[in-house]
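Q: sequence plus predicted model, see below.
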Amino acid sequence: MSRDVAHKRYLNMLQTAFGPEVMKLLDDDEVIEIMLNPDGQLIVEKLYKGKEPTGVYIPEERSDNIVKLVASFKNRVADDEAPEVSTEIPFKGARFQGWLPPIVAKPTFAIRKKAVHIFTLENYLEKKSITQKAYEALKQAVKNRKNIVVVGGTGSGKTTFANALVSELNGSHDRILVLEDLPELQIKAEDVVFMCTSSHVTMRDLVKGSLRMRPDRIIIGEVRDGAALELLKAWNTGHPGGICTIHANSAESAPYRFEDLLQEVVMTVPRNLILQAIDMIAYIERDKEGHRNLKELVSLDGYDEINKAYLFKSLL
C-alpha cells in the first residue's frame, strides 16, 4: 500500500471516529475549541461567545477509539501505560490533547483549532480590547525590536494576541525563527523558519539550536520549562525583538514566573538576565462573556533590593 493511500485511509477512519458532530465543529470557523468531558458531553468555545454545551454526547467506546487513532497518526500507542496523547491532528491544523484511563475515569480530549482569522492590533483597537495608547506602544515596541512577553491564564487569548504582535512582522526582511510545541503562530515574511518540539527534541534543545541558524528574532509560542534560560540569554545577546507567551496571573507576576522556570535548571536565579532581556509585559484576560482584553501593559524598570520586588512602569 502506498503512503498516500495509507494516509487517505487513516483520514477516513479518523473522520468516521470523530463523527459528523465533531467534523461539523471542526469546519465551523466560529468554534475555536472542542472539549469532550469524561461523561461524554461535548462542549465548545466560540469566538466572542465563550463556552457552551452542544447537547451532544459521545459514547465511551467511540471516544476511546478517537484518542487511540490520533496517537497512531504519529506512530504512537495510547493505552493504560501511555495514557496521554498530545499532538496535531490533520484537520484545520488543530492541536489535540487527550487522556485515557487510569488518568481519567473515561476518555477525554480537547481540540484547539488554529486561528482561521488572524486578529491584528488594529482589530483589537477597533473592538476596544486595547487602548489607543497601548496600540501605539505595542506597534512601536515591535518596530524597535523590544522583547515582549504576553501573559495570561489558560484560554485567555495569549496565543491570539501573540499572533497579532507577530503579524506586525509580515513583510519583514528579518530572519525570524518561530519555536513551538505545536504550530499555532502565523507569520508571512520572506525569511522565516518554523520549528516544533518532538518526543526527542525539547524546547530547550530548539532554543539552543536556533542560535546556530543566524536568527534576527526568536519567537516562542509558550515558555513552560528551563528553555526560559536559553531564551533570555538569546534575547540579551544579539537577538532582540522577540515575542513569547507564558502562564501568569498578572503582568507583575511574569518575572517571578520566569524565576520559577529558571530554577528548574540553575540554583541561583540570574535576576539581571530577566531585567535586561524583558522590555514589555502584556497581560491578557478573558471576561465572563468570552471577550479577551488587554488589562495591563508594563515595562520592566528594575528591582527593589530592599523590598525584594520588581519595579514596573504602566504603559496604559
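A: Perfect, I can see it now. Numbering: from 1, shown residues only.
Q: now do the helices in the chain.
A: 3-27, 60-73, 121-126, 132-143, 158-166, 203-210, 227-236, 254-262, 271-277 (DSSP state H).
Q: can you redo the ones you listed as CSV with distance to L42 and mean pLDDT?
A: Yep, even glycine has a C-beta here, placed from its N, CA and C like the rest. Below are the helices of the chain laid out as CSV (distance: least, C-beta to C-beta, whole Å; pLDDT from 0 to 100):
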stretch, distance to L42, mean pLDDT
helix 3-27, 7, 86
helix 60-73, 10, 92
helix 121-126, 29, 94
helix 132-143, 36, 96
helix 158-166, 23, 93
helix 203-210, 31, 91
helix 227-236, 34, 92
helix 254-262, 33, 95
helix 271-277, 42, 94
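Q: in CSV, list the ones you listed along with mean neighbour count and distance to E285.
A: As requested, the helices of the chain are exported to CSV (neighbours: other C-beta atoms under 10 Å; distance: least, C-beta to C-beta, whole Å):
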stretch, mean neighbour count, distance to E285
helix 3-27, 14, 26
helix 60-73, 19, 31
helix 121-126, 17, 13
helix 132-143, 16, 14
helix 158-166, 23, 10
helix 203-210, 19, 25
helix 227-236, 23, 22
helix 254-262, 19, 14
helix 271-277, 17, 23
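Q: so for S314, which of those helices sits nearest?
A: helix 132-143 (10.0 Å; C-beta to C-beta).
Q: now that closest one, how far from the centre of its chain.
A: Centroid separation for helix 132-143 versus its chain: 22 Å, with C-alpha atoms, centre = their mean, to the nearest Å.
Q: what packs against it?
A: Here helix 132-143 touches helix 121-126, strand 148-152, strand 280-286, strand 292-304, going by 3 or more C-beta pairs under 8 Å, 6 or more residues apart in numbering; DSSP states H and E.
Q: which of the ones you listed sits closest to A71?
A: strand 148-152 (29.6 Å).
Q: got the contact list for the closest one?
A: Strand 148-152 is contacted by residues 138, 141-142, 158, 161-162, 165, 242-248, 250-251, 253-254, 257, 278-286 when judged by C-beta atoms under 8 Å, 6 or more residues apart in numbering.
Q: number of nearby residues for the residue nearest to L297 when sequence neighbours are not counted?
A: Computed as C-beta to C-beta, 6 or more residues apart in numbering, the closest residue to L297 that is not its neighbour in sequence is L315, at 4.4 Å. Neighbour count of L315, defined by other C-beta atoms under 10 Å: 19.
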